[in-house]
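>>> I need the structure of the sequence given here:
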Amino acid sequence: MNLLILGGFLGSGKTTVLLQLAKYITGDDVKPGETKVAIIENEIGEQSIDDKILKSGNYSVENLFAGCACCTLSGSVPVYVSKIQKELNPEWLIFESTGVGYPASIQRTIKEVLDVDSRICIIVDAKRWLRIEKPMEQLLSGQFENADVVLINKKDLVDREILEKVTQSVAAHVPDVKLIPISAVEPVSETVWEEVLGQK
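Modelled structure (predicted):
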């Protein structure tokens, strides 16, 4: 089982990215009873809209509503991951982190109890990035820790000049990480998913 942790600030488009990615992984050759992708959704609240969207996609979903990933989920995350590995043994487990959580903290917690290959993909909102970067700098910088790739989402909502400014700004936080502009409401190239999954 491989683990992918999707992170990014609230409203960056993680669920939209997740659904496209899950469809890419599952492909068209899923055998009866086979689970290629399992999803753990971790959002704050009793019942999230994201939960309904994910369930409509017929994916195996485990919901955690325990609050902030960086402080209250460290005890339960390994339990959920271990359970999914034993019961479903998916090719990929995708963990959608809360918008105020730290993916690297989740990664470390899981690695303490399970030997799984893991990657971190951070989603950035191109439309809001320049407005939230300074006031949320500490949180956003923390979310980039251990990132393998950053998807700059919503490129369709900004002009080329703004997209370039956002890319330069994000690059200052993660100078050695691959940055890829996308629009998750449109079909995303397979080469992007290969980069996210570390298959290139």
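>>> Now do stretch 21-41: distance from first to last residue.
The first and last residues of stretch 21-41 sit 14 Å apart, counting by C-alpha to C-alpha, to the nearest Å.
>>> tell me how far it is from the chain's mean position?
How far stretch 21-41 lies from its chain's middle: 16 Å, per C-alpha atoms, centre = their mean, to the nearest Å.
>>> mean confidence for it?
Per-residue pLDDT values over stretch 21-41 give a mean of 78.
>>> Over to stretch 150-159?
Averaging pLDDT along stretch 150-159 yields 98.
>>> next one: that stretch to chain centre, how far?
Per C-alpha atoms, centre = their mean, the displacement of stretch 150-159 from the mean C-alpha position of its chain is 16 Å.
>>> what comes up buried for it?
Residues of stretch 150-159 classed as buried by neighbour count (16 or more other C-beta atoms under 10 Å): Val150, Leu151, Ile152, Asn153, Lys154, Lys155, Val158. Heads up, the C-betas are built off the backbone N, CA and C, glycines and all.
>>> and it, how far apart are its ends?
Across stretch 150-159, first to last residue, C-alpha to C-alpha, it's 19 Å.
>>> and if you look at stretch 120-139?
One end of stretch 120-139 sits 16 Å from the other (C-alpha to C-alpha).
>>> Can you verify Ile94 is assigned to a strand?
Yes: counting by DSSP: H, G, I helix; E, B strand; the rest coil, Ile94 is found in a strand.
>>> Tell me the pLDDT of it.
In this model, Ile94 is scored at 85, pLDDT.
>>> As JSON lines, the buried residues of stretch 150-159 with secondary structure would be great.
Below are the buried residues of stretch 150-159 laid out as JSON lines (three-state DSSP):
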{"residue": "Val150", "secondary structure": "strand"}
{"residue": "Leu151", "secondary structure": "strand"}
{"residue": "Ile152", "secondary structure": "strand"}
{"residue": "Asn153", "secondary structure": "strand"}
{"residue": "Lys154", "secondary structure": "coil"}
{"residue": "Lys155", "secondary structure": "helix"}
{"residue": "Val158", "secondary structure": "coil"}
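>>> how far is the longest strand along the chain from where the chain is centred?
The residue-count maximum for a strand in the chain (DSSP state E) belongs to strand 117-125. Distance, stretch centre to chain centre, for strand 117-125: 5 Å (C-alpha atoms, centre = their mean).
>>> Kindly report the same for stretch 159-170.
21 Å.
>>> re earlier: make TSV from the buried residues of stretch 150-159 and add distance to Asp29 to it.
Listed next are these as TSV, based on distance: C-beta to C-beta, whole Å:
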residue	distance to Asp29
Val150	30
Leu151	26
Ile152	31
Asn153	28
Lys154	32
Lys155	31
Val158	37
